[in-house]
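Peer 1: Pasted the sequence and its predicted model underneath.
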Amino acid sequence: MKRPEIIVIGGGASGILAAIVARRNGANVTLLEKNPRIGKKILATGNGRCNYTNVLANADDYNHPDFVAPVLDLFGPDRTIAFFERLGIAPKVETEGKAYPRSEQASSFLDVFLYELNASGVNVVCDAPVVRLVSAGRGFQVFRQDGTRHDADRVILATGGKAMPSSGSDGSGYALAERLGHHITPLFPALARLTLASPYLKQLDGVKIPGKAELLHRGDVLQSEYDDILFTKYGISGPTILRLSRKANELTLQGETVQVRVVLLDQLTRTDVEKRLAAALDRPVDFSLVGLIHKKLIPALIKEAGIQKQDTPVSKLTTVERNRLVDLLFDWRFTVTGNRGFEDAQITVGGIAVTDIDPVTMESKLVPGLYFAGEILDVDGPCGGFNLQWAWASGYAAGTAASGAAAE
């Protein structure tokens, strides 16, 4: 029986895994990567540590849970960890279910991938951007930028989204799919830093605090997160903000006004703060806050409260000024103006419409023999290993189905 010829377009997480699985199942596999090397984006994940899955991940963590469920049932976090353990990656599970390699190095994944691809006989071709994909009879013709043509029985498109274009994810795969009739849902960046409208950003730049951040829309709290908050010269960042950014960006792109509420003292009550101020009536208001909040926040907070002089004694504050100051410690609001774009985002929201794709095999419903994997699809999850888990799982499903093997 003739081995199927499979072309995998894209040497990121999903494409690499799809290529390995398809080759293990007996297919002849060529992996085409536009960069000089594979796995460039993997090296940047988890601040160089690679948070490669989350042991708590389930379908409800994603934007299309019904679509994601069959794939996670096939290749969920447990199978992901076992798969990589066989390749040599010892897992270390930390808080909130985040799994990292025990080596603490994302480069460990690249090392084991290069070994496995070579050992299994996958033909890896780098510096090979694909510019055209043609469905020709029962097969495909894949054209590279340099004019080289590859013929394939099946193709797995795993070119990623638009986030981090420096890694090669520039959205080129969308055009290849669109020319074959696939629908692309609206695209926008997520897990991204937010830009704010505030006169205090320059003086707050670099302040990092643990605290609660909430996303507000028309007075309602849409999402609440607790973790580090980082103020920057353009706005706000940190794990809390990355988690809020998907919904924030979605609404701002629709022309809606959203705010981020920073709660500086979520462990204290207003009564606690009132008692502190009552015990510091003879002290300057700025000094009364020392030891309570980050020192660099104090001047901005006092100005926002409408207090003209930083050294105004607490006893000289008006009732309005004092109440406003206390309010801000528990409810400091910033209007979101946008985000830092795909260049600064970790993932892309939107992509190939899941209604065009078989949720078990990742095969196109429009073009038989064409499969999809990873971020190119309209599937996204929160930060913390969920999006890489989707990349591995969808890559496994696509590689298995494209090779003609039955899913285990």
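Peer 2: That came in fine, so what should we check first?
Peer 1: What's the end-to-end length of stretch 344-352?
Peer 2: Start-to-end span of stretch 344-352 (Cα to Cα, to the nearest Å) is 22 Å.
Peer 1: what does stretch 212-223 give?
Peer 2: Stretch 212-223 has its terminal residues 11 Å apart, counting by Cα to Cα.
Peer 1: Also stretch 221-241?
Peer 2: 14 Å.
Peer 1: Just the CA coordinates for stretch 171-181, please, in PDB.
Peer 2: The C-alpha coordinates for stretch 171-181 follow below in PDB (Å, rounded to 0.1, in the frame of the first residue of the first chain):
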ATOM      1  CA  GLY A 171      -1.300  35.600   9.000                       C
ATOM      2  CA  SER A 172      -0.200  34.300   5.600                       C
ATOM      3  CA  GLY A 173      -2.000  31.000   6.100                       C
ATOM      4  CA  TYR A 174      -5.400  32.800   6.200                       C
ATOM      5  CA  ALA A 175      -5.000  33.800   2.500                       C
ATOM      6  CA  LEU A 176      -4.100  30.200   1.500                       C
ATOM      7  CA  ALA A 177      -7.200  28.900   3.200                       C
ATOM      8  CA  GLU A 178      -9.400  31.700   2.000                       C
ATOM      9  CA  ARG A 179      -8.500  31.000  -1.700                       C
ATOM     10  CA  LEU A 180      -9.800  27.500  -1.200                       C
ATOM     11  CA  GLY A 181     -13.200  28.800   0.100                       C
END
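Peer 1: in it, what counts as buried?
Peer 2: Residues of stretch 171-181 classed as buried by neighbour count (16 or more other Cβ atoms under 10 Å): Gly171, Ser172, Gly173, Tyr174, Leu176, Ala177, Leu180. Where you see a C-beta, it was placed from the backbone N, CA and C, and this is true even at glycine.
Peer 1: isn't the second one right next to Leu133, touching?
Peer 2: So the one you mean is Ser172. No. Between Ser172 and Leu133 there is no contact under Cβ atoms under 8 Å: 10.7 Å.
Peer 1: Could you list the low-pLDDT ranges of the stretch 301-408 of the chain?
Peer 2: When residues are selected by pLDDT under 70, those of the stretch 301-408 of the chain lie in 405-408.
Peer 1: Recalculate using a threshold of 50.
Peer 2: For the stretch 301-408 of the chain, the stretches with pLDDT under 50 are 408.
Peer 1: Then the chain?
Peer 2: Residue ranges of the chain with pLDDT under 50: 408.
Peer 1: any idea which helix is longest in it?
Peer 2: Longest helix in the chain, counting residues (DSSP state H): helix 386-402.
Peer 1: Show me what that one packs onto, helices and strands only.
Peer 2: Where contact means 3 or more Cβ pairs under 8 Å, 6 or more residues apart in numbering; DSSP states H and E, helix 386-402 is packed against helix 13-24, strand 53-54, helix 65-74, helix 77-87, strand 154-157, strand 370-372.
Peer 1: Do a quick rundown of the strands in the stretch 301-408 of the chain.
Peer 2: Using DSSP state E, counting those that start in this stretch, the strands of the stretch 301-408 of the chain run over 332-339, 347-349, 370-372.
Peer 1: Turn the ones you listed into JSON lines, columns for mean neighbour count and distance to Asp358.
Peer 2: JSON lines is the format used below for the strands of the stretch 301-408 of the chain (neighbours: other Cβ atoms under 10 Å; distance: least, Cβ to Cβ, whole Å):
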{"stretch": "strand 332-339", "mean neighbour count": "19", "distance to Asp358": "33"}
{"stretch": "strand 347-349", "mean neighbour count": "27", "distance to Asp358": "22"}
{"stretch": "strand 370-372", "mean neighbour count": "28", "distance to Asp358": "9"}
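Peer 1: Mind putting the ones you listed into JSON lines with distance to Thr252?
Peer 2: Shown next, in JSON lines, are these (distance: least, Cβ to Cβ, whole Å):
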{"stretch": "strand 332-339", "distance to Thr252": "6"}
{"stretch": "strand 347-349", "distance to Thr252": "13"}
{"stretch": "strand 370-372", "distance to Thr252": "28"}
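Peer 1: Which one, of these, ends up nearest to Thr30?
Peer 2: strand 370-372 (14.5 Å; Cβ to Cβ).
Peer 1: re the thing from before, relative to Pro70, which of the strands of the stretch 301-408 of the chain is closest?
Peer 2: Using Cβ to Cβ, the nearest of the strands of the stretch 301-408 of the chain to Pro70 is strand 370-372, at 14.3 Å.
Peer 1: Can you list phi and psi of the residue in the chain sticking out farthest from the centre for me?
Peer 2: The outermost residue of the chain relative to its centre, with distances by Cα atoms, centre = their mean, is Asp282 at 49.3 Å. For Asp282, the backbone dihedrals (degrees, to the nearest 10) come out as phi -90, psi 0.
Peer 1: ok, now Leu242?
Peer 2: phi -60, psi -40.
Peer 1: Give me the number of neighbouring residues for the closest residue to it other than its chain neighbours.
Peer 2: Excluding its sequence neighbours, the residue lying closest to Leu242 (Cβ to Cβ, 6 or more residues apart in numbering) is Leu191, at 4.6 Å. Using other Cβ atoms under 10 Å, Leu191 has 25 other residues around it.
Peer 1: got the contact list for Leu191?
Peer 2: Listed by Cβ atoms under 8 Å, 6 or more residues apart in numbering, the contact set of Leu191 reads Ala163, Leu242, Arg243, Ser245, Arg246, Ala345, Gln346, Ile347, Pro382, Cys383, Asn387.
Peer 1: 10 Å instead?
Peer 2: 163, 239, 241-246, 249, 344-349, 380-384, 387 (Cβ atoms under 10 Å, 6 or more residues apart in numbering).
Peer 1: Next: Val68.
Peer 2: Applying Cβ under 10 Å, 6+ apart to Val68 gives the contacts 57-62, 354, 359, 377, 379, 381, 386, 389-390, 393-394.
Peer 1: ok so, going back, buried ones among the contacts of Leu191?
Peer 2: Of the members of those, the ones counted as buried by neighbours, 16+ other Cβ under 10 Å, are 163, 239, 241-246, 249, 345-349, 380-384, 387.
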